[in-house]
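Participant: With the input below, show me the fold.
(2 chains)
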Amino acid sequence: MAEPRPVLEMTGIVKEFPGVRALSGVDFRLFPGEIHALMGENGAGKSTLIKVLTGVYSLDGGTVTLDGKSVHIGSPLQAQQAGISTVYQEVNLCPNLSVAENIFIGREPTRGGRIQWKRMRKEAAELVDRLGLDIDVTAPLSSYPLAVQQLVAIVRSVGTGDSDGEGSGTKVLVLDEPTSSLDRDEVLELFRLMRRLRDEGVAILFVSHFLDQIYEICDRMTVLRNGTLVGEHMVRDLDQVGLIELMIGKALDQLEELHEHQLRSDVGETLLEAEGLGRAGGIAPFDLEIKKGEVIGLAGLLGSGRTELARLLFGADQPDSGKVTIGGKQVSMSAPNDAIGAGVAFCSENRKTEGLVPDLTVRENIILALQAARGWTRPIPAAQRDELVAKYIKALDIRPANPEARVGQLSGGNQQKVLLARWLITQPQLLILDEPTRGIDIGAKAEIQKLVVSLSEDGMAVLYIAAELEEVLRLSHTIGVLRDRKLVARLTNGPEITTSKILETIASGEHQ
Amino acid sequence: MSTPSVATTSRWRALTHHNLFWPVAVLIALLLVNVPFTPDFFAIKMTDGHLYGSLVSIVLFGSPLILVAVGMTLVIATGGIDLSVGAVVAITGALTCSYISDQADQNALAGVFLAMGIGLVAAVVCGLWNGFLVARMGIQPIIATLIIMVAGRGVAQLITDGQIITINSEPYKLIGGGYWLTLPFSIFVVAAVVAVTVALTRRTALGLLVESVGGNAEASRLVGIRSRRIKIMVYMFCALCAGIAGLMISSNTSAADGNNAGLWIELDAILAVVIGGTSLLGGRFSIGGTVVGALVIQTLTTTIYTIGVPTQTNLVFKAVVVIIVCLLQSPKFRAKVFGANGPKGLRRAAAPAPATPAADAAPKMEVSR
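Facilitator: Next comes the predicted model:
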């Protein structure tokens, strides 16, 4: 196929962090007038590549060529000057300023040191008009919803370099997860703008966790896995199952062989029932039943609503609709306290921001949940406390086995164990584990999985979320499949359930 | 290097590692500065059955500041701040004195106790208001407490009709100006409040929960800590401490001055907390450190007078010392100054510190991702 010359070529990109090779020799190219998806699982190196491209990280190896010329991108400013603009998930604009001011901030048209307000408004209005948007540029940005603010951010980045007539403006536009907080109509509006820019010859790099959106808007995609390039494909040549296989790195039949099965078959009576539980922007209303001693695994790509589902069951976010019954009693779920009182425990995937109190010691972190439940007036007696802490440090093999150590100084795996100990000490009926094995070493991983099995045997229900399908399949009695923030299927684990079956369900989005 | 000196080094290291080392070192240094100017600075004399001396007066005059700073410590540990304590000092003093001055017999114990009760209840109500604004309404602490800081002085002047109310009550005089067992009675009040605070925070789980809320608010919510309730309690406690300080100040002068009582004490209290090693970001707190910090500030004030710094340069001198203290407290500064060729112990003490900002920065990056 006769292809035009790529506007951007990245060759042999290497980026290293202490102890980790985030990118090892990745090639990436981008053609003018195309929308290009960058795909890969969490940790595959997508954001690292984007940050190298936009000058946030310096590169440790490889070359970047823009318009046939080798360029060095040392900072985000240099990237912008070279014609590479980025719009992030969070809008980085000033909500109190007008739309026009936001579009021109930092490069206002001036004469004799004074800003030419009229000219600025006129040019902003022209730019907005040219892109087919209906926005009043004199209104403050905050008067528009988030979706429009995002469009303004794009207009701003496209307008870079236009105002003084020099340069050709934006050649490459990077959109990093722009759709994650938009509803359907807003996404369509964004896509309209993207198509318009594409037709004007801008090369757009698009990152999204929603597969449907990729297939709707993108022309070409590059897939990364573990910091290496897996392939570059035209979107029309690769179906969703094929894409997921590339992202995960195993052919479907290969995955089947790994499948093993050694679960306790009988589970107890119903513990928790959720009916029509949902939250706008989080997860569509779902029904879920969890039995005593049952392990329910949640499968789905990152951003498919796994965490959102778990947070609703814990009251960490407030549901808009539906109700939860635990042990026959309806629980209001308006705050974590309600869920904790009903015997639910939740280990967040964000250990640092939502789990640990880094300044406190291992002992203090472990007893925190139990102490919170008892209230401040009833401290756990010192002897009992030390005994409990020592017991769980030993049982979970937390290292160093020093209850006085500051928890912020422990390794990831040990921090995870401290969180587990914190909740196990409260003897919950339902334990929600969100990505408990992410970022921890293989030994600790196996220990945590073994622990889940033994807890289930003791009658504890576990809701288990993991990115690795094998892990979910190995541990779960029941597998909930999520896609695009919807619980699309509930599969009872058995010999006929395989990772490929789950992948097919994720890809097709329906129960078969 | 011989064995004993290795042991000495490690003991020295453990000492410099202790979180009270720098505050205490600064306090001792400040006290020593006085000796050349006042040779009998450390002398304590017994006159009329009362102990007199510079050390006694430092504690005596520092008493209100210690009280306010102890309450402030808990507020700061939750990640907040309370600017209203100075105004609360004024309100409490004004209410109590105006009630006593209305009594036929100002020396009647019942009347004095009732007056003190009214003053302290008013203080606690102020704290409840602050806590309500911060914890329930979600207003930033600095703004929420600014309201009473400004309006409270007005209220105090309304209570006193814009006058300075003077009273003549022997029982009330005891709290801030009286003596008991040879020592100023204030010292016993302060000791009692400090002891109660330490017991309340360390013998119950309150201290742990406060540190957890200040250390990681979201994690605390997800672990089921009722952080609103804790915050409200802490603001009420802080106001109560300020109220007691208000009684002490008005008792010492036997007068209520709505305009000047406790003026700027909130700033000295915040400074004392920081010198004591409690971070303004919240989390770990140290009551002992705060007491030392308040003594440092009071010693500084006393020193300015004893070494005869010209009055017009008072504040500048104070500022310079405070800057030095803060620099000494900063691990980064210590690493830079002592790190290269300073004593080994100092270097070791400073070494682990740079890791802290990095660890703190990491979660913030995750949030923004």
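Participant: Could you pull out the strands in the stretch 251-400 of chain A for me?
Facilitator: With DSSP state E, counting those that start in this stretch as the criterion, the stretch 251-400 of chain A has strands at A:270-279, A:283-291, A:295-299, A:321-326, A:329-331, A:344-347.
Participant: Of those strands, give the one that comes closest to chain B.
Facilitator: Among the strands of the stretch 251-400 of chain A, strand A:344-347 comes nearest to chain B, with 6.5 Å by Cβ to the nearest Cβ. Using the backbone N, CA and C atoms, a C-beta is placed for each residue, glycine as well.
Participant: Below-threshold pLDDT in the stretch 101-250 of chain B: ranges please.
Facilitator: By pLDDT under 70, the stretch 101-250 of chain B has no low-scoring segment.
Participant: quick one: the residue positioned nearest the centre of chain B from B:A87, how far?
Facilitator: Geometric centre of chain B, nearest residue: B:A69, 1.5 Å, by Cα atoms, centre = their mean. B:A69 is 16 Å from B:A87, where distance means Cβ to Cβ, to the nearest Å.
Participant: and if you look at A:S85?
Facilitator: 51 Å.
Participant: neighbour-wise, which of these two wins?
Facilitator: Neighbour comparison, A:S85 and B:A87: the larger count goes to B:A87, with 31 against 25 (by other Cβ atoms under 10 Å in any protein chain shown).
Participant: Find the residue closest to the more buried one in space, skipping its chain neighbours.
Facilitator: Closest residue in space to B:A87, ignoring its immediate chain neighbours: B:G152 at 2.7 Å, by Cβ to Cβ, 6 or more residues apart in numbering or on different chains.
Participant: For that neighbour, give its distance to chain A.
Facilitator: Using Cβ to the nearest Cβ, to the nearest Å, B:G152 is found at 28 Å from chain A.
Participant: That residue is in what secondary structure piece?
Facilitator: Using DSSP states H and E, the element containing B:G152 is helix B:141-159.
Participant: How far off centre is that helix?
Facilitator: 19 Å (Cα atoms, centre = their mean, to the nearest Å).
Participant: Partner strands of the helix or strand just after that helix, with direction?
Facilitator: Scanning forward in sequence from helix B:141-159 by DSSP H and E, the next helix or strand is strand B:165-166. Take DSSP bridges as the rule and strand B:165-166 pairs in its sheet with strand B:255-256 (antiparallel).
Participant: Show me the contact partners of the strand it pairs with.
Facilitator: B:90, B:93-94, B:96-98, B:156, B:159-160, B:164-167, B:250 (Cβ atoms under 8 Å, 6 or more residues apart in numbering or on different chains).
Participant: how about 7 Å then?
Facilitator: For strand B:255-256, the external contacting residues (Cβ atoms under 7 Å, 6 or more residues apart in numbering or on different chains) are B:G93, B:A94, B:C97, B:S98, B:T160, B:I164, B:I165, B:T166, B:S250.
Participant: between the residues you listed, which is closest to B:L280?
Facilitator: B:G93 (28.0 Å; Cβ to Cβ).
Participant: isn't the closest one right up against B:S250?
Facilitator: Yes. At 3.3 Å, B:G93 and B:S250 qualify as touching, with contact defined as Cβ atoms under 7 Å.
Participant: These two: which is more packed in?
Facilitator: B:G93 (32 against 29).
Participant: my guess is the more buried one is in a strand, correct?
Facilitator: No. Secondary structure of B:G93 (DSSP: H, G, I helix; E, B strand; the rest coil): helix, not part of a strand.
Participant: pLDDT value on it, please?
Facilitator: Note on B:G93: pLDDT of 96.
Participant: And it, how close does it get to B:Q157?
Facilitator: 12 Å.
Participant: The residue nearest to the centre of chain B sits in which helix or strand?
Facilitator: Using DSSP H and E, B:A69 falls in helix B:54-77.
Participant: Only alpha carbons, please: show that helix as CSV.
Facilitator: C-alpha atoms of helix B:54-77 as CSV (Å, rounded to 0.1, in the frame of the first residue of the first chain):
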residue,chain,number,x,y,z
SER,B,54,13.5,33.5,85.8
LEU,B,55,12.6,29.9,85.2
VAL,B,56,9.5,30.1,87.3
SER,B,57,8.4,33.2,85.6
ILE,B,58,9.0,31.8,82.1
VAL,B,59,6.6,28.9,82.9
LEU,B,60,4.2,31.3,84.6
PHE,B,61,4.0,33.8,81.8
GLY,B,62,4.1,31.0,79.2
SER,B,63,1.1,29.2,80.7
PRO,B,64,-1.7,30.7,78.5
LEU,B,65,0.4,30.0,75.4
ILE,B,66,1.1,26.4,76.4
LEU,B,67,-2.7,25.8,76.9
VAL,B,68,-3.7,27.3,73.6
ALA,B,69,-0.8,25.5,71.8
VAL,B,70,-1.8,22.2,73.2
GLY,B,71,-5.3,22.5,71.9
MET,B,72,-4.0,23.8,68.6
THR,B,73,-1.8,20.7,68.3
LEU,B,74,-4.8,18.4,68.0
VAL,B,75,-6.5,20.7,65.4
ILE,B,76,-3.3,20.8,63.3
ALA,B,77,-2.9,17.1,63.6
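Participant: Okay, angle between that helix and helix B:141-159 too, please.
Facilitator: 120 degrees (axes from the mean of the first three to the mean of the last three Cα atoms, to 10 degrees).
Participant: quick one: buried residues of helix B:54-77?
Facilitator: By 16 or more other Cβ atoms under 10 Å in any protein chain shown, the buried positions in helix B:54-77 come out as B:54-56, B:58-60, B:62-77.
Participant: So which elements touch it?
Facilitator: Judged by 3 or more Cβ pairs under 7 Å, 6 or more residues apart in numbering or on different chains; DSSP states H and E, helix B:54-77 is in contact with helix B:185-198, helix B:206-215, helix B:227-253, helix B:265-275, helix B:287-306.
Participant: in chain A, which ranges drop under the pLDDT threshold?
Facilitator: For chain A (pLDDT under 70), the answer is A:1-3, A:18-20, A:42-43, A:90, A:160-168, A:180-181, A:250-267, A:439, A:441-443, A:510-512.
Participant: can you list the domains in it?
Facilitator: Domain assignment for chain A by automatic domain parsing gives A:1-83+A:171-249, A:92-168, A:257-343+A:428-508, A:358-426.
Participant: For the second one, what is the distance to the chain centroid?
Facilitator: Centroid displacement of domain A:92-168 relative to its chain, using Cα atoms, centre = their mean, is 30 Å.
Participant: Then stretch B:226-238?
Facilitator: Put simply, stretch B:226-238 sits 18 Å off its chain's centre (Cα atoms, centre = their mean).
Participant: and for that stretch, what are the contacting residues?
Facilitator: By Cβ under 7 Å, 6+ apart, the list of residues contacting stretch B:226-238 reads A:337, B:71-72, B:74-75, B:78, B:80, B:82, B:85, B:124, B:127-128, B:130-132, B:134-136, B:209-210, B:213, B:217, B:220-221.
Participant: ok, now stretch A:415-427?
Facilitator: In contact with stretch A:415-427 (Cβ under 7 Å, 6+ apart) are residues A:345, A:347, A:351, A:355-356, A:362, A:365-370, A:373, A:388, A:392, A:396, A:398, A:407, A:410, A:431, A:436, A:440, A:444, A:448.
Participant: Of those residues, grab the buried ones for PyMOL.
Facilitator: Those of the contacts of stretch A:415-427 that count as buried under 16+ other Cβ under 10 Å are selected in PyMOL with:
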select buried, chain A and resi 345+347+351+355+356+362+365+366+367+368+369+370+373+388+392+396+398+407+410+431+436+440+444+448
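Participant: Can you narrow the contacts of stretch A:415-427 down to the ones near chain B?
Facilitator: Checked against chain B using Cβ under 7 Å from any Cβ of the partner chain, those give the following subset in range: A:G355, A:L356, A:L368, A:A369, A:A373.
Participant: for the closest residue to B:T299 other than its chain neighbours, phi and psi?
Facilitator: Distances taken as Cβ to Cβ, 6+ apart place B:L30 nearest to B:T299, at 4.7 Å, with adjacent residues excluded. When read as degrees, to the nearest 10, the backbone of B:L30 gives phi -60, psi -40.
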